[in-house]
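1. fold the stuff below for me.
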Amino acid sequence: MPSKYGINVEFKNSSIKDTKIDTSTPIAIIGDEPELRGLKVYNSVDEALEEIKGGTLKQALLDLQASSCRCQIIVSAFEKQEEGITNALQGIKALEKAEQELAIKPKFILMPEYNDTGIYGALKQIATKLRAVYAIELNAKNETEVKKEIENIITHRAIITFQKVQRIDKTTRPASAFIIALYANVMNSSEYGFAQTYSNRQIDGIDNIIDSVEYFYGEDCEADRLRAMGVTCIVQDLGIRAWGRGTRDEELGLSSLHSVIIFDRIIETILKSQKEAIDKSMSDYLKKVQDDLDAFYRKLVANRVLIDFKISLDEDLNTNESLAEGIVYITQKTQEVPLISKITNRIYRVSEYTTQLIKELK
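-> Here you go, the predicted structure:
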């Protein structure tokens, strides 16, 4: 309490806040299990396997274990149904309360062996709410069937696969968990790993590809055509690799999943960093909010996540009326660093260097 007379000194820290990006990559697995019900979190795959004894949950965990996945695991367990997907849909919906009940929010969502259009829609809905990446496993067996099955699928958050693979213990498995584990490991590799992609990287935990696709590097092939449709393939090329990182949402205008992830991280970080400004004086906090944003974007540019940015307070939006109501519009323009999709080498055979042979003899 300040003194009643004399000189008082008040100290206030108005320095720019170091805005931290959440780089955690928890994986949520939704599946059936003989005994476990509801939500639970584990610090590792091995810890989860100590408790989970069967069902699709255990097999998914074994996939992640084979992939050397190093993430926290959230499970949403339900009783297996012989017919219908009611329990499965409830398992998906349960993730809405994961952050409130477990104090953790998934960045990836897996539901292996549940391939139904109703499941696809529910996964898309929960992934949108959580800003998470989710996996879809198609029932198709070839390019023609894939093209038909994904015709009505519109998504910018899904990793879509259709191939079956052989796990290192010789068990035949869907590819989705291995791709998700690869992506999580890529993100965990550095502070800004979220700006990278899983495509064209070797996949751990797979011994063989059951449903192979035609793949020729530098030539039109089935793998490239599927990639263009937004489907991720698994191919043999100096090891077993993932091939594809596309989205299926032309309206959004982001063709690469890595772009979606970058803007997800930006949005989440800004939401968290600006919470304290709500219900505070505009004269005290507005400049600080703008300075914090500037420092945050500069850090992303310095680490080659973004190319450049511009922050402004648009006068057309920030009218007397809106400001009087405490409503502020901060316009932020930025562009992410693109990933290389294609390199074209133009090689011309000419006959103008023949005389070099004579010069070498002199």
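2. any idea which element residue 250 lies in?
-> Assigned by DSSP states H and E, residue 250 belongs to neither a helix nor a strand.
3. what's near enough to touch it?
-> For residue 250, no contacting residues are found, by C-beta atoms under 8 Å, 6 or more residues apart in numbering. The C-beta positions use only the backbone N, C-alpha and C, and glycine is treated the same way.
4. list of residues touching stretch 108-119?
-> 25-31, 56, 59-60, 63, 85, 88-89, 91-92, 95, 123, 126-127, 130, 132-139, 173-174, 176-177, 180, 183-184.
5. of these, which belong to strands?
-> Of the contacts of stretch 108-119, the ones assigned to strands by DSSP state E are 27, 28, 29, 30, 31, 133, 134, 135, 136, 137, 173, 174.
6. and which of those residues is nearest residue 279?
-> Using C-beta to C-beta, the shortest approach to residue 279 within the ones in strands among the contacts of stretch 108-119 belongs to residue 28, at 32.7 Å.
7. do you know how far the residue lying closest to that closest one once chain neighbours are set aside is from residue 265?
-> Among residues not flanking residue 28 along the chain, residue 106 sits closest, at 3.6 Å (C-beta to C-beta, 6 or more residues apart in numbering). For residue 106, the distance to residue 265 equals 15 Å [C-beta to C-beta, to the nearest Å].
8. for this structure, just list every one of the strands.
-> 27-32, 38-42, 73-78, 108-110, 133-137, 158-161, 164-167, 172-174, 206-209, 233-236, 240-243, 306-312, 331-336.
9. need the helices for the stretch 201-350 of the chain, in chain order.
-> Remark: helices assigned in the stretch 201-350 of the chain by DSSP state H, counting those that start in this stretch are 222-228, 257-273, 282-302, 320-324.
10. in CSV: those, plus distance to residue 78 and mean pLDDT.
-> Listed next are these as CSV, based on distance: least, C-beta to C-beta, whole Å; pLDDT from 0 to 100:
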stretch, distance to residue 78, mean pLDDT
helix 222-228, 32, 96
helix 257-273, 27, 95
helix 282-302, 40, 93
helix 320-324, 47, 94
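11. run through the stretch 51-200 of the chain and note the low-pLDDT ranges.
-> In the predicted model of the stretch 51-200 of the chain, no residue satisfies pLDDT under 70.
12. re the thing from before, of the contacts of stretch 108-119, buried ones?
-> Burial by neighbour count, judged by 16 or more other C-beta atoms under 10 Å, picks out 25-31, 56, 59-60, 63, 88-89, 91-92, 95, 123, 126-127, 130, 132-138, 173-174, 176-177, 180, 183-184 from the contacts of stretch 108-119.
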